[in-house]
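In: need coordinates for the below:
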Amino acid sequence: MKTLKLWLTAMLMFAACGTAKAQLAGKNVLLIQGFLPQHILFNPTDQGRADGIGYWDGFDASLKDPATTRILYWPSHYRLQGAGGIAALIANQLQPILSSGFCDNECVVITHSTGDLVMRYVLSNKNSLLGSSLAQRLKVTAVIDMAGAGGGTELANFGVDLINGVNHGAEVLEALLEFLGYDIPLGINPGVMLDLQTSVARNTAINNLPAIPRLRIASTGSEFYGFATHPIIKGKDDSVVPLHSACGAAYDGALDSCVRDLRVDGRVTSVSKAPSLSQLYDYHYPIIMSEKMAHNEMQANKRGRDMTFALSGADRYNAGARTIGLDVEYHSVYAWWDWFREYRYITDADDKTMGRVIMDSFE
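Out: Residues are numbered from 1 along each chain as shown. So this is what the prediction gives:
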C-alpha cells in the first residue's frame, strides 16, 4: 500500500491542525446541484429551493453540516445568463453568505453535473454579478467538479431537438406524457438545456478563467436508461455527461479516459483517446475516475464502485499561485484475469460513497 501526496497547494492541508471535522480540509463548503429534468415539465414554485436541497440527501453528512456548508439552488427551466437567469439567482443567494464572512478564509465549491457550468460562469463574472466588494469576498481555494457538464453534453443537443420538434420529436414526447397521464402542451421551455448544448457550453465563460483549480471527477457507469443514452453521447460517458466534458478537455472528442497513462477502470497503460495536460481547459485537473459509477450516483449514498486516481504521469499540477493539497491512499493489483497487468485503485473506495472519498482525500 502506498500514499500519494499530490500537492496542488498547501492551503487545504489545514485539516490536520485540529479544524472542524465537518469542514473540507479546514474550509467551508458550497454545494451546487446539477440539472433537474422535472423542472422542464413542472416548473417549481420556489425557484427550485426544495429540490436543490433534496438533491444532496444522499451525500456525505460531514459535507452537509449547516455550520460549515451552504447549498445553492436553481431551477432548470431558467437560462444561465440574463437578469432573471440562474447566475443572477445564485448571486442573490451568495450575497448574505459572503456578507457573513463565510468565504473570508476561502471556500471549497463542490458541484455536480451542470453545477460545473453554472459556477464557471459565476466565478468568471463575479464582479458584475456581485459587485466588486462582495466579489472580493468570494474566495475559492478549489472547485471539485463531479461529472462536470461544463463542456456540455450531446444529450442536451438531442433533448433540445426533441422539444423543438425535429423529426416529430415533440409530438412523440407529448404522446408519451399523455400516455403516462400528464397533459403537457407542445412548446416546452428547455431552459438550461439550451446552455448545455455542446456548442453553447463550450463558448460560455471559457476565456480568462480565474486561477482556481477545478478538480475533475469522471466516470463511465450506466444508469438504468444508459442503453438508450450511450449511443447519443460522443465517446465514453456516465449515461448523461461525456468524458470530454467531465475530464475538462478543451475539445469535444470521443474520449476513453481523462489521462493518457491510465484507463478509467484503473489499468496502467497508454490511452490514445485521452487529452494531454495542454489539451485541458486552464486550471482543470482530472483527479478521480471510476468505470462503474453512474452519473447520479456521484452525489448519492452509493457504494461498491472502484475508483482510481488520474495523474497523467505527473505528481504536481501548477495552478497559478494557488496551493491545495490532495492526499490519496492507493494500492496496485496485478490482475490474473488480465495477464497480470497493473491496476491502481484508491484504497477502500469501493466501500465508500464519493462524498466520503472526497472527504478522506482532503484530510
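In: what's the spacing between residue 31 and residue 277?
Out: Taking CB to CB, to the nearest Å as the measure, residue 31 falls 28 Å from residue 277. Yep, even glycine has a C-beta here, placed from its N, CA and C like the rest.
In: the more surrounded of these two?
Out: residue 31 (24 against 14; other CB atoms under 10 Å).
In: now for the helix or strand containing that one, which elements pack on it?
Out: Secondary structure assignment for residue 31, by DSSP states H and E: strand 28-32. Applying 3 or more CB pairs under 8 Å, 6 or more residues apart in numbering; DSSP states H and E, one finds that strand 28-32 contacts strand 69-72, strand 107-112, helix 115-124.
In: can you pull out the residues in contact with it?
Out: 23, 56, 59, 63-64, 68-74, 90, 97, 102-103, 105, 107-112, 115, 118-119 (CB atoms under 8 Å, 6 or more residues apart in numbering).
In: can you say which of these are buried?
Out: 23, 56, 59, 63-64, 68-74, 90, 97, 102-103, 107-112, 115, 118-119 (16 or more other CB atoms under 10 Å).
In: could I get the helices and strands packed on strand 28-32 as JSON lines with mean pLDDT and distance to residue 272?
Out: What follows is the helices and strands packed on strand 28-32, written out as JSON lines (pLDDT from 0 to 100; distance: least, CB to CB, whole Å):
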{"stretch": "strand 69-72", "mean pLDDT": "98", "distance to residue 272": "38"}
{"stretch": "strand 107-112", "mean pLDDT": "97", "distance to residue 272": "29"}
{"stretch": "helix 115-124", "mean pLDDT": "98", "distance to residue 272": "26"}
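In: how near is residue 148 to residue 61?
Out: For residue 148, the distance to residue 61 equals 23 Å [CB to CB].
In: neighbour count winner among those two?
Out: Neighbour tally, residue 148 and residue 61, criterion other CB under 10 Å: the higher count belongs to residue 148, 29 against 12.
In: identify the residues contacting the closest residue to that one other than its chain neighbours.
Out: Nearest residue to residue 148, sequence neighbours excluded (CB to CB, 6 or more residues apart in numbering): residue 116, at 3.3 Å. Residues near residue 116 by CB under 8 Å, 6+ apart: 143, 145, 148, 149, 150, 214.
In: what sits closest to the second one if chain neighbours are left out?
Out: So the one you mean is residue 145. residue 116 (4.4 Å).
In: from residue 246, how far off is that neighbour?
Out: Between residue 116 and residue 246 the distance is 8 Å, computed by CB to CB.
In: shared neighbours of those two, anything?
Out: By CB under 8 Å, 6+ apart, the residues touching both residue 116 and residue 246 are 145, 148, 149.
In: okay if I get those residues as TSV plus pLDDT and secondary structure?
Out: Below are the shared contacts of residue 116 and residue 246 laid out as TSV (pLDDT from 0 to 100; DSSP: H, G, I helix; E, B strand; the rest coil):
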residue	pLDDT	secondary structure
145	98	strand
148	98	coil
149	97	coil
